[in-house]
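Q: next input, structure requested:
(one chain, ligands or ions: 1)
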Amino acid sequence: MRRILVAGNWKMNLTVEKARSLAREVARRTREGAAAVDVAVFPPYPYLLAVAEALSGSPVRLGGQDLHWEAEGAFTGAVSGAMLREAGCRMVLVGHSERRHVFGETDVQTNKKVHAALNHGLDPILCVGEKLDEREAGRTEQVLARQLAAGLEVVGGRDMPRVTIAYEPVWAIGTGRTATPQTASEAHAFLRRQLAERFGSDTAEATRILYGGSVKPDNAASLVGQPDVDGLLVGGASLDAESFSAIVKGSSPPC
Ligand code: 13P
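A: Predicted structure coming up:
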């Protein structure tokens, strides 16, 4: 049985004080409420230590938004997996569409980052997703298959229990245009079939596949209600404790 994960990607937002109080509030509400789902937050790097402190003793997990594949060295502006671990992270986003399309990251780099995460004790969330023109040209499956295969190159079945996949169609991110449950469901089922071909059906069935892209309190339940949607990666709506908690609540299985 796959446990639902609701993850808040704070992107490049907030101040340290706002991040701290948001983390405290998410921790408080998570303690009180939905123990039935896993909850994680991904703050900007300079806020990690403050957020780690605010979350201490709570079940909310901390993650980094990205990492470099090398452990240390002359890589100005980059942060390594070891540094994220030291700051209290246990998870990391890899290949987010903004990394791919704003910063020009390639599939090869994404794959190196997946390995770096695994080697540094961080559970990677590998993000994949097609752009609008790719969807309109009927190339969605081709893009997803390529990003998934390349991102997981030389990752063995033994490591797959630590890997989460996030399907984030680029046209749905920050646009208010959420994928319909049907569209998300088709993409997730396709990704799971790809995982089954590569790793076998047991591993594919055990792998969590999250949906991300304009998730809001009013669409969370219908998305997570789809058989292959195992949680949500939330951007804008994770910046407010109340809406994030409503999404967590809407994603919780009925008791
Ligand atoms: P929005 O929820 O703001 O569309 O962002 C989604 C996302 O990119 C999460 O990683």
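
Q: quick check: the residue of the stretch 1-150 of the chain nearest the ligand.
A: Closest approach between the stretch 1-150 of the chain and the ligand, counting by CB to the nearest ligand atom: N9, at 3.7 Å. Yep, even glycine has a C-beta here, placed from its N, CA and C like the rest.

Q: got the phi and psi for the residue nearest to that residue when sequence neighbours are not counted?
A: Ranked by CB to CB, 6 or more residues apart in numbering and with sequence neighbours excluded, the top spatial neighbour of N9 is F42, at 4.7 Å. Note on F42: backbone dihedrals following degrees, to the nearest 10 are phi -130, psi 90.

Q: where's P59 relative to V128, distance?
A: Applying CB to CB, to the nearest Å, the value for P59 to V128 is 27 Å.

Q: look at these two and report which has more neighbours.
A: Per other CB atoms under 10 Å, whichever of P59 and V128 has more neighbours is V128, with 27 against 14.

Q: for that one, which residues make a bridge with it?
A: Y167 (DSSP bridges).

Q: start at 43 instead
A: Okay, residue one is now 43; in that scheme the one you just asked about reads as V170.

Q: so what's the residue count around the residue nearest to N51?
A: By other CB under 10 Å, 27 other residues sit near F84.

Q: residue contacts, it?
A: Shown in contact with F84 (CB atoms under 8 Å, 6 or more residues apart in numbering): A49, G50, N51, W52, L104, G105, G106, Q107, M133, L135.

Q: thought the fourth one was touching A279?
A: Read that as W52. No - the criterion here is CB atoms under 8 Å, and W52 misses it with A279 at 11.1 Å.

Q: higher neighbour count, those two?
A: Using other CB under 10 Å, the more surrounded residue of W52 and A279 is W52, with 23 against 20.

Q: report pLDDT for the nearest residue to the more buried one once chain neighbours are set aside.
A: The shortest distance from W52 to any non-neighbouring residue, by CB to CB, 6+ apart, is to P85 (5.0 Å). With respect to pLDDT, P85 scores 98.

Q: doesn't K60 make contact with P85?
A: No - P85 is not in contact with K60 according to CB under 8 Å; the separation is 10.2 Å.

Q: so these two - more neighbours on which side?
A: Per other CB under 10 Å, whichever of P85 and K60 has more neighbours is P85, with 30 against 13.

Q: sounds good, over and out.
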